[in-house]
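# Predicted coordinates and the sequence they were generated for:
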Amino acid sequence: MESIWDALEPHLLSVEKPARYIGMEDGATLPSYEGEVISWLLCYPDTYEVGLPNQGLQMLYEIINEHPNGAAERAYAPWVDLEAVLRREGLPLFSLEHHHRAGDFDVLGFNLAAELTCTNLVNMIDLAQVPVRQGDRGEQHPLVIVGGHCTYNPEPIADFVDAVVLGDGEEVVGELTSVLLAGRRSGWSRHQVLCAMAQVPGVYVPSLYDVTFGPAGSQVSTPRFAEVPAIVEKRTVADLGAWPYPKRQLVPLTEVVHDRLNVEVFRGCTRGCRFCQAGMITRPVRERPAAQVAEMVATGLERTGYEEVTLTSLSTADFSDIEQTVRQIIDDPATGRRVSVSLPSLRVDAFTVGTAAQIQRVKRTGLTFAPEGGTWRMRQVINKLITEEDLYAAVDAAFSQGWRRVKLYFLIGLPTETDEDVLGIAELGRRCVELGRRYHHSVTVTVSVGGFVPKAQTPFQWFGQDTPEELKRKIILLREATRTTRGLSLRWHEAEATLAEGIVSRADRRMGKVIERVWAAGGTFQEWSEHFSLDRWLDACAAEGIDVDELVHRERPTDEPLPWDHLSAGLHREFLADDYADAISQVAVEDCRWTPCYDCGACTGLGLEHVVASPIPPAGGSQGTGQDRSNGGAIPVQLSAARR
Amino acid sequence: MTAELADRLRIRYTKLGKIRFTSQRDVARMWERALRRAKVPVAYTSGFSPRPLLGFSLALPTGGESDAEYLDVRLDPAEARGGEFVVNPQAPLEGPAYLDLAQMLTPLLPQGIDVACAVGLPHSEESLQEAVTSCNWELEVSGVDSDGVTEAVERLLSSTTVLVERDRKGRRVTDDVRPAVLALSATGPSPRHPTNHGLTAHLAMRPRGLRPSELLRALDENLVLTRARRTHQWIDRSDARLEPLSVTGQLPGACVPDHSGQLA
């Protein structure tokens, strides 16, 4: 393979932050290409700063490089200034390790974590000097393979990709490497390779299916060949302990988001929040053994020189014996002197705040909680079962233990939402400020509001998303209601971006032409507000005759064919439909880790079980088990007595 | 001899090759991590968000290479006494201890950052920011032909005043940069790129440092900097020109000229 470094180097002085393009991170591998090697270029369709910390890509990078016939390098989306240079000079997208031409790799593997990065996917394929449409590629071109959470509805990007991997990638990348090697040895055609990949469990090859369309967002997909599976099931790694990756986390030379050690403590979540795609598609819960967590933290800190470690998962406070695990880290004399531990997505109760206070002893910035709904009624609908009692106890604990800034996350545009539910958000925020004033003269409570986008493979996949007008009206309601409270600050996600995300989220294969138009009109970096424009999306939908109202805002009948019906995250369609019906009637369900099974399908269908170290639910609070759900909103915290 | 314990270390290192595209802030973070990995007992600021106390000399512009970068590390006296690191001032001149630290640090840093030496710093030694007075540069430029470069150099050297507009804390100011150009010469076509031309420059860092990019604007607006390499940083004294730390581990010593110091 050819390096473009000599041609690239003179231009790096004229672009912003050139350190993004040199590689050389501690933990990076310069793979050898001697012998029979299947080469993967692992790509993240956003900037280096956003993409480098992605743990999924780093895990696969190590696993492929450990494969006797695998080699993996990395690429991230070049920023617009470097893209202009590459296009002007006729230079291609390149890998960071050897600065190899992207088009020379056997596979371009993309991680899709956010819908609106899809135009960057197309742009990077084009920058690789590879035809963007799958059907236009020839024998000489790399295969484009995608994975990540957005691939649970891959139809919008089906035109651009050769194969999609559903679920955990640890095992699949090795299997695909072996298939591609067999194909090379036997001289298979590209079509033969695609057919062989479709035989690998968890791998979906969109071009091997015929599709017919109904209303916008409705599609029936039928295999074109007998050996192609009618339904592709996701892959699930049963034992996280068998995959202690990344073993050598990349330490970037320049500033990135989440610049710290990350150790994944479990995968999956069974809290059952109905809006949450991640919680639905990653079931069941699989914990990493606590001893392995401790080992990965200790060796990781020693190797990297980091002072901060995040224990990652969808709800880290639910990790069995979390307290002892973090105590072990901060009491370790070898590393613990200044090490701080952060727990993303704190569970909302005083107990959890107590743990946080112990471990964030070095740098104490702010605490974030996510009640998501403004009233107990709303939280029952979405199954985010946090009582007001628990929220206030958590916030009180935070302020009493020295924090002065608390951030609260909410969604608006949820099913059955009324203005009372929306205004409940302001009321919760106002009361939290009052709690803080008991302890500190000046406190800040930031209420952050996002517009809800229904996602594939969730109970809300049929729900008609709020229009931007309706979302804006609700934001104005909140602005009015929060304006007069000093210390209460309101932030919101722009309703236009919420609509664009909704356009891509549940679309059928006709969306490919829209995405291509948005890209061709210059619509890259759509996750970046300075580059985002809703008009490009609306113009492209109009040009392709796609009715946005029908696609996004329509309540879909539960018997309508969905574009992802042939792809399974393990969840029974009946379970999702029943759970949606329960939501509408405000019936909540408990966490099935510690209570009887609801037969969602994830464990039974995959022949798996939850892997938890402790059969005992976390201590107390409304998020343990056996809660009395009748009174969630009915226990007013006595605030007035303490006011001065 | 029971010398007082040093509370600072001075380290000399290079920044060569691809790593030159990292910024000064990036380099500071690399050092923070490397010193932690080497278990050097670095002192921290107190307060809400403690920072390690590292002091660099004049920031190298992103993209610039260097044979002579310096870093002063303040040590935590309590931890230094209890730990493995007992650093005596100027002890490295007599023993191998400083070489061990330099050898230990280099593999913990990215390729291109090589640690030449690390020594304990006596209290009397000035900080790098206070001490360094001038730098030598090897520059490579394009955008103007060979005669044009030579003429521009001659024009600048024969002028008594050269005004350049530059940013100072967000304000545009016009400065006479001529006094800062201590020496300048054109060295002909670059061996790597025959269409590029070489310059060597000796630029003063006081009262205000002159950057290579500013020198180029003073020479000819059409010049483009394609390569910059700092070869020396100097502490100019009335009778001597000394390095903050020589490659053999020699410190300049207190303001009274040190007889072992190298003459320019």
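Okay, I see it. Numbering: from 1, shown residues only, chains lettered A, B, ... in the order given.
# And stretch A:467-479, what's buried?
A:467, A:468, A:470, A:471, A:472, A:474, A:475, A:477, A:478 (16 or more other CB atoms under 10 Å in any protein chain shown). All C-beta atoms are positioned from the backbone trio N, CA, C, and that covers glycine.
# from those residues, which are also near chain B?
The subset of the buried residues of stretch A:467-479 within reach of chain B, by CB under 8 Å from any CB of the partner chain, is empty.
# pretty sure residue A:512 is touching residue A:160, no?
Yes - counting by CB atoms under 8 Å, residue A:512 does reach residue A:160; the two are 6.8 Å apart.
# got the contact list for residue A:127?
Contacts here follow CB atoms under 8 Å, 6 or more residues apart in numbering or on different chains; on that basis residue A:127 touches A:78, A:83, A:86, A:87, A:92, A:93, A:102.
# Nearest to the middle of chain B, which residue? Look it up for me.
Among the residues of chain B, the one closest to the centroid is residue B:69, at 3.8 Å (CA atoms, centre = their mean).
# From the contact counts, what lies against the helix or strand where it lies?
Using DSSP states H and E, residue B:69 sits within strand B:65-74. When contacts are defined as 3 or more CB pairs under 8 Å, 6 or more residues apart in numbering or on different chains; DSSP states H and E, strand B:65-74 sits against strand B:8-15, helix B:24-37, strand B:54-56, helix B:128-131, strand B:224-237.
# Next, format these as TSV and append distance to residue B:185 and mean pLDDT.
Listed next are the helices and strands packed on strand B:65-74 as TSV, based on distance: least, CB to CB, whole Å; pLDDT from 0 to 100:
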stretch	distance to residue B:185	mean pLDDT
strand B:8-15	24	94
helix B:24-37	28	95
strand B:54-56	29	95
helix B:128-131	26	89
strand B:224-237	14	95
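# Which one of those lies nearest to chain A?
helix B:24-37 (3.0 Å; CB to the nearest CB).
# out of the contacts of residue A:127, which are buried?
A:78, A:83, A:86, A:92, A:93, A:102.
# you'd agree the fourth one is up against residue A:125?
Translated: residue A:92. No - the pair residue A:92 and residue A:125 does not pass the contact test of CB under 8 Å, sitting 10.9 Å apart.
# List, one by one, the residues from the stretch 101-250 of chain B near chain A.
Residues of the stretch 101-250 of chain B lying close to chain A by CB under 8 Å from any CB are B:108, B:110, B:111, B:225, B:226.
# lowest-pLDDT helix or strand in chain B?
Least confident helix or strand of chain B, by mean pLDDT, DSSP states H and E, is helix B:77-82 with a mean of 60.
# Now do the buried residues in stretch A:446-455.
A:446, A:447, A:449, A:450, A:451, A:452, A:453, A:454, A:455.
# And chain A, what are its domain boundaries?
Domain ranges of chain A: A:5-227, A:260-510+A:546-606, per automatic domain parsing.
# Turn those into CSV, columns for distance to residue A:239 and mean pLDDT.
Output for the domains of chain A, formatted as CSV (distance: least, CB to CB, whole Å; pLDDT from 0 to 100):
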stretch, distance to residue A:239, mean pLDDT
domain A:5-227, 10, 97
domain A:260-510+A:546-606, 7, 91
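# distance between the ends of stretch A:478-495?
14 Å (CA to CA, to the nearest Å).
# and the helix or strand residue A:65 falls within, what does it pack onto?
Assignment of secondary structure by DSSP H and E places residue A:65 within helix A:55-66. Counting contacts by 3+ CB pairs under 8 Å, 6+ apart, helix A:55-66 is packed against strand A:38-44, strand A:70-76, strand A:107-111, helix A:172-186.
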